[in-house]
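> take a look and give me a structure for this.
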Amino acid sequence: MKGARWHNVRDIRVEEVEEPKVEKGKVKIQVEWAGICGSDLHEYVAGPIFIPVKEPHPISKDVAPIIMGHEFSGRVVEVGEGVTKVKVGDPVVVEPILRCGKCPACKQGKYNLCENLGFHGLAGGGGGFSEYTVVDEYMVHKMPEGLSFEQGALVEPAAVALHAVRSSKIKAGDKAAVFGTGPIGLLVIEALKAAGASEIYAVEVSEERLQKALELGATAVINPKKEDPVQKLLELTDGGVDVSFEVTGVPAVLQQAVDSTAFEGETVIVSIWEKEANLLPNNIVLKERNVKGVIAYRDIFPAVMNLMKQGYFPAEKLVTKKIKLDQIVEEGFEKLIKEKDQVKILVKPE
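Presented below is the predicted three-dimensional model:
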């Protein structure tokens, strides 16, 4: 079968790879659609971040080159001995977190904070940028009736956004700012709508993405190339937002996200970072603000799919391009780097 494997920075190759075999407690899936994630893009441009290159990952036991792709949907084609959660023919999405189950975080059920955290399709295991993949039964969630496979490929990134909003102190009627309106930032806007935020402000340098933020329900948008985002937010909200979400990974933006909040406000860092960022502690201390980080998600995929059934996280507004696996580098990764009007590109492994 074909698979898109990460070999090095700017070196992803579509190659013939061995089709995976199902084992006890595992599920074999024929992939329908797989999304290119911001994390995939980070690995392509500046990796390795999660990809193991020198030592095998402690859970997957894999080392680069590895098949990428961790946002995907598909259909069950075979189940291993002991699997009861799904059956052959079921439409499913995959929650791709690799966890050890033994560390303190895992023992408390906070498996996204596992000491050996990894992702199927980033830390090995055989990802969704392939015709077939095999995962542990615990990763599989059956899709409810009415959700398309395209919509299913958005469950994983939407889970990131919903977990970020759920982990914040946002309450119905609160004001929020989202710094960065790439795919995750746009999904955060959707999650904030579901949480009942009364005002949602989007900060972004791409005019195309600002328009998409408005289309998805942002109250107003701010282009930091044209005006000071902190000053504008303080004016629009009469003193600052209750919660800001940093979704850019750009060092200068972190301080802006903090400064845009009111006293006792909160900044939630959603990004994965390629380098350090400076932050002035007094801007936090003197306003008794809070800054917290979130990673991935836990126990949230069913809630995401229920919200999708209600019309949230709509694929028709978020998916801007569909391609085949052979096109993944030039029409996928390179397009996302060069064309800021692209939001989510889905890949059909065939």
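> how about the helices of this protein, start to end?
Ranges of helices in the chain, per DSSP state H, are 38-46, 104-107, 149-152, 155-167, 183-195, 207-215, 229-237, 251-259, 282-285, 301-309, 315-318, 334-338.
> rebuild these as JSON lines, extending it with distance to Lys28.
C-beta coordinates here come from the backbone N, C-alpha and C atoms, glycine included. JSON lines is the format used below for the helices of the chain (distance: least, CB to CB, whole Å):
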{"stretch": "helix 38-46", "distance to Lys28": "23"}
{"stretch": "helix 104-107", "distance to Lys28": "25"}
{"stretch": "helix 149-152", "distance to Lys28": "17"}
{"stretch": "helix 155-167", "distance to Lys28": "19"}
{"stretch": "helix 183-195", "distance to Lys28": "28"}
{"stretch": "helix 207-215", "distance to Lys28": "36"}
{"stretch": "helix 229-237", "distance to Lys28": "47"}
{"stretch": "helix 251-259", "distance to Lys28": "42"}
{"stretch": "helix 282-285", "distance to Lys28": "49"}
{"stretch": "helix 301-309", "distance to Lys28": "19"}
{"stretch": "helix 315-318", "distance to Lys28": "25"}
{"stretch": "helix 334-338", "distance to Lys28": "29"}
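> for Val294, which of the ones you listed is the nearest?
With CB to CB as the measure, helix 155-167 is the member of these nearest Val294 (4.8 Å).
> out of the helices of the chain, which is closest to Val76?
Nearest of those (CB to CB): helix 149-152, 12.7 Å.
> and that closest one, what does it pack against?
In terms of contacts (3 or more CB pairs under 8 Å, 6 or more residues apart in numbering; DSSP states H and E), helix 149-152 is packed against strand 26-35, strand 71-79, strand 91-94.
> contacts for the second one, please.
What that stands for is strand 71-79. With contacts defined as CB atoms under 8 Å, 6 or more residues apart in numbering, strand 71-79 is touched by 22, 26-37, 86-94, 96, 121, 127-128, 132-133, 140, 143, 149-157.
> distance of Lys232 from Ile170?
Noted for Lys232: a distance of 20 Å to Ile170, by CB to CB, to the nearest Å.
> between those two, which one's more packed in?
The residue with more neighbours, out of Lys232 and Ile170, is Ile170; 23 against 19, by other CB atoms under 10 Å.
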